[in-house]
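A.B. asks: just to be clear, the model below is a prediction. Sequence and coordinates:
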Amino acid sequence: MPSQPIYAANPELLLLTPPTAGVLEIQLHRPEARNALSTPLLQALVALLEQAASDPEVHCVLLSGGERFFAAGSDLAEMAGKDMVAMLLDERRQLFARIARFPKPLIGAVCGYALGGGCELAMHADILIAGESARFGQPEINLGLMPGAGGTQRLLRAVGKSLTMKMVLSGQPITAAEALAAGLVAEVCADADCLPRARLLAAHIASKAPLALRLAKEAILQAEEMPLSAGLALERANFVLLAGSDDRHEGLAAFQQKRPPRWQGH
C-alpha cells in the first residue's frame, strides 16, 4: 500500500490542518504583514495545492486567513524593488495560474480585509463564505497601479461591469453584505461562525463522489470561457463520462439500497 503524502509548510507563511474527512485546511499566516501575498507564500500555497490535487484522500481544500484579515494585498515591499522588465518576468502570474488550475473544490473563508491581491486570491475559490467584517476591494488605483492578478477580469465575471468599475476606479472596498448581494460570496455569517461554517460546507462537499466533483467544477468554470453551445457540449460530455464510472454505479446502488455510498474516485 503506498504511503500517504506528508503535508508540510513554513509556519511563518502557512498553517496546515492535515486532511480530515477528505478536507485539507490551509491558513495564510503572515500576521505581521497582514497576510501580504509574498512570492514565497504563493509558492508554498501552490506546492500544497498541487500536492493535494494528486492525493486521493483530499477531496476538498479550505483556505482561510486570520480573524482580522484574509490578505491585505500583495507584498508592496517586494513589488517596489521591481522595474518593468522584472514585473514582466514576475513568477506571480504563473503562480496564480497554477492556483486557478486546481481541479478539486476550493472553499474560501474570509474575515476582515481581502484587498488587492488578497481579493484576487479569494476569487480563485469556488465558494466564498464571508464573516460580517469582510471587506473586498481592489485599491491599486490609490498607488497609481491597477489590478494585475485577475482583479479586472474575475471581478467583472462575478459582480458585473458597474460594480467592478466602481471598485477598481475608486479603490473603495465593499462590505460582506454588498458582496453577497452582488454574487461575489455565497454566504455571510458572524465572524465567529465563518470558519466553522466553511468547514461544515467543505466536509459536506468532500463527502460527494470525487470524480463528479472534479468534472462538475470543470464544466462550471469553463462556462466563463466559452459560448453556451460549447459549454453545453462540455457539460454533456462530462455527464456521459460519469455514466461509465464506478462511482456512478455505486451511487445508484446505494440510493436503491438506502445506504451511504462508498466512493472510490473512479
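C.D. replies: Okay, I see it.
A.B. asks: can you give me the helices for the stretch 51-200 of the chain?
C.D. replies: For the stretch 51-200 of the chain, the helices defined by DSSP state H, counting those that start in this stretch cover 76-80, 84-88, 92-100, 117-122, 153-159, 161-170, 176-182, 191-206.
A.B. asks: so what's Arg262 closest to, chain neighbours aside?
C.D. replies: Nearest residue to Arg262, sequence neighbours excluded (C-beta to C-beta, 6 or more residues apart in numbering): Glu250, at 6.2 Å. The C-beta positions use only the backbone N, C-alpha and C, and glycine is treated the same way.
A.B. asks: check contacts around the closest residue to His124 other than its chain neighbours.
C.D. replies: Excluding the flanking residues, the one nearest His124 by C-beta to C-beta, 6+ apart is Ile99, at 5.1 Å. By C-beta atoms under 8 Å, 6 or more residues apart in numbering, Ile99 lies in contact with Leu42, Leu45, Val46, Leu49, Leu121, His124.
A.B. asks: quick check: pLDDT value at the residue nearest the centre of the chain.
C.D. replies: Residue closest to the average C-alpha location in the chain (C-alpha atoms, centre = their mean): Ala125, at 2.0 Å. The model reports Ala125 with a pLDDT of 98.
A.B. asks: surely it touches Leu106?
C.D. replies: Yes. Under the criterion of C-beta atoms under 8 Å, Ala125 makes contact with Leu106 at 5.0 Å.
A.B. asks: overlap of the contact sets of the two?
C.D. replies: With C-beta under 8 Å, 6+ apart as the test, Ala125 and Leu106 both reach Leu63.
A.B. asks: for Leu16, what are phi and psi?
C.D. replies: Per-residue torsions, Leu16: phi -120, psi 140 (degrees, to the nearest 10).
A.B. asks: repeat that for Thr20.
C.D. replies: The phi/psi pair for Thr20 (degrees, to the nearest 10) is phi -130, psi 120.
A.B. asks: okay, and for the stretch 51-200 of the chain, where does confidence drop off?
C.D. replies: 80-89 (pLDDT under 70).
A.B. asks: try 90
C.D. replies: 73-92 (pLDDT under 90).
A.B. asks: picking up where we left off before, nearest spatial neighbour of the residue nearest to the centre of the chain, skipping sequence neighbours?
C.D. replies: Nearest to Ala125 is Gly108, by C-beta to C-beta, 6+ apart, at 3.2 Å.
A.B. asks: how many neighbours does the closest residue to Arg98 other than its chain neighbours have?
C.D. replies: What sits nearest to Arg98 in space, not counting adjacent residues and going by C-beta to C-beta, 6+ apart, is Val46, at 4.9 Å. The burial count assigned to Val46 is 19, neighbours taken as other C-beta atoms under 10 Å.
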